[in-house]
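[1] My questions are about this predicted structure, shown below with the sequence.
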Amino acid sequence: MTVPEVLLCEATDINLDICLDKGGQSFTWIRISDHQWLNVINNKIVILVRANGKIYLQSSETDQDLLDHVKDYFRLDYDLRTMYHQWSSVDDHFKSLAPEYPAIRLLRQDPVETLFSFICSQNNAIPRITKMVQHLKVAYGEPLGEIHGVALYAFPNIERLAVETVERDLRDAGFGYRAKYIRDAARHLIDTGLDLHSLRKEPYLTVHERLVEIPGIGPKVADCIALMSLDQLGAVPVDTHIWQLACKQYRFSGLPKAKSSMNKTAYHAVGGHFREIFGDHAGWAHLVLFAAQSRARGSLRKTLS
DNA sequence: TGGCCTCCTACCCT
DNA sequence: AAGGGTAGGAGGC
């Protein structure tokens, strides 16, 4: 069988290594070689191939509709070079880091998948999160087929995750206390009838409020979901690292010294500060800083071992 | 009082 | 072995 292939963009348009593997945005991409990635987008199997300075899209049913979805997923309509210039011009720290981390794109992901993935992410590291999300798909998602010897699944729907026995099963599968959050969050979505997609049109604070009402979702996870799947490009997820960055690098005043005493006001103040510096798309800028930060930590570990 | 805040701890696992 | 977070309880205002 020949697999149709269409041109997606230039290789320099998307930093695939960071965006798909280690960026902490998506946990579902499977790297099958140095230059090939596998995933499901819009319930269709998708292969990304980097070759000849370009990125190609392969799929057994490549059509214009899927191509549009993939372009949308990578937000290729945003002129990222201009945005990098803009962010560099307003912040020296960004300016010094950016050349090493080009083409970091904010993925426009599915809200349901993003919500449950980031419930898994709390107090957790990427390899384990990846395993857990994979488990959700294998255990409760529709199989979509097999390619290059890899079986792929759709992300389960919320009805399936809301089943009574899910908590027990996930606990047995090693989800720990997150097992209950997942089942309860699914239950909440059904009971309240909250339509996640419709939140894309709402203002940031409304989106944040709706999300933190969901069991297992606090302010940080809410902002991850808002930023990465609900078009809230100004949402800044404040975790330990960004908190430290805010205190040390940006010397934000008026913040409590210890992270343990972070309250609602202080949490939102950090996001506000970043928005003052970087503007409406501060969450995207934060992603670049975040990538640089975690990369720095990784190499530090390497040199110590 | 109720409501809202702060502080503290437990939670699973690698 | 300390951690990329949240919930729930106690106690204060």
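    Structure received.

[2] My guess is residue A:143 contacts residue A:153. True?
    Yes. Under the criterion of CB atoms under 8 Å, residue A:143 makes contact with residue A:153 at 5.5 Å. Every residue, glycine included, has its C-beta placed from N, CA and C.

[3] ok, the two, which is more surrounded?
    More crowded of residue A:143 and residue A:153, by other CB atoms under 10 Å: residue A:153, with 19 against 11.

[4] Now do the phi/psi pair for that one.
    Torsion angles at residue A:153 (phi, psi; degrees, to the nearest 10) stand at phi -130, psi 150.

[5] do the same with residue A:156
    The phi/psi pair for residue A:156 (degrees, to the nearest 10) is phi -60, psi 150.

[6] List the residues that contact the residue in the stretch 51-200 of chain A that DNA strand C sits nearest to.
    Among all residues of the stretch 51-200 of chain A, residue A:122 sits closest to DNA strand C, at 3.3 Å; criterion: CB to the nearest atom of the strand. Neighbouring residues of residue A:122 by CB atoms under 8 Å, 6 or more residues apart in numbering: A:178, A:216, A:218, A:220, A:221.

[7] what about the stretch 101-250 of chain A, any weak spots by pLDDT?
    Of all residues in the stretch 101-250 of chain A, none has pLDDT under 70.

[8] Write out the residues of it neighbouring DNA strand C.
    A:121-126, A:177, A:181, A:212, A:214-222, A:239-241 (CB under 7 Å from any atom of the strand).

[9] which of those residues are buried?
    A:121, A:122, A:181, A:214, A:216, A:217, A:219, A:220, A:221, A:222, A:239 (16 or more other CB atoms under 10 Å).

[10] can I get those in CSV with distance to residue A:252 and secondary structure?
    Formatted as CSV, these follow (distance: CB to CB, whole Å; DSSP: H, G, I helix; E, B strand; the rest coil):
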residue, distance to residue A:252, secondary structure
A:121, 25, helix
A:122, 24, coil
A:181, 31, helix
A:214, 29, coil
A:216, 28, coil
A:217, 25, coil
A:219, 17, helix
A:220, 17, helix
A:221, 22, helix
A:222, 21, helix
A:239, 15, coil
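
[11] Return the closest of these with respect to residue A:84.
    The shortest approach to residue A:84 among these belongs to residue A:239, at 22.9 Å (CB to CB).

[12] does the closest one really touch residue A:221, like I thought?
    No. With contact defined as CB under 8 Å, residue A:239 does not count as touching residue A:221 (9.6 Å).

[13] that older thread, with respect to DNA strand C, which of the contacts of residue A:122 is nearest?
    Of all the contacts of residue A:122, DNA strand C sits closest to residue A:218, with 2.3 Å by CB to the nearest atom of the strand.

[14] For the closest residue to DNA strand B within chain A, list the residues it contacts.
    Closest approach of chain A to DNA strand B (CB to the nearest atom of the strand) occurs at residue A:176, with a separation of 2.4 Å. Contacts for residue A:176 (CB under 8 Å, 6+ apart) come out as none.

[15] If anything else comes up later, I'll come back, but that's it for now.
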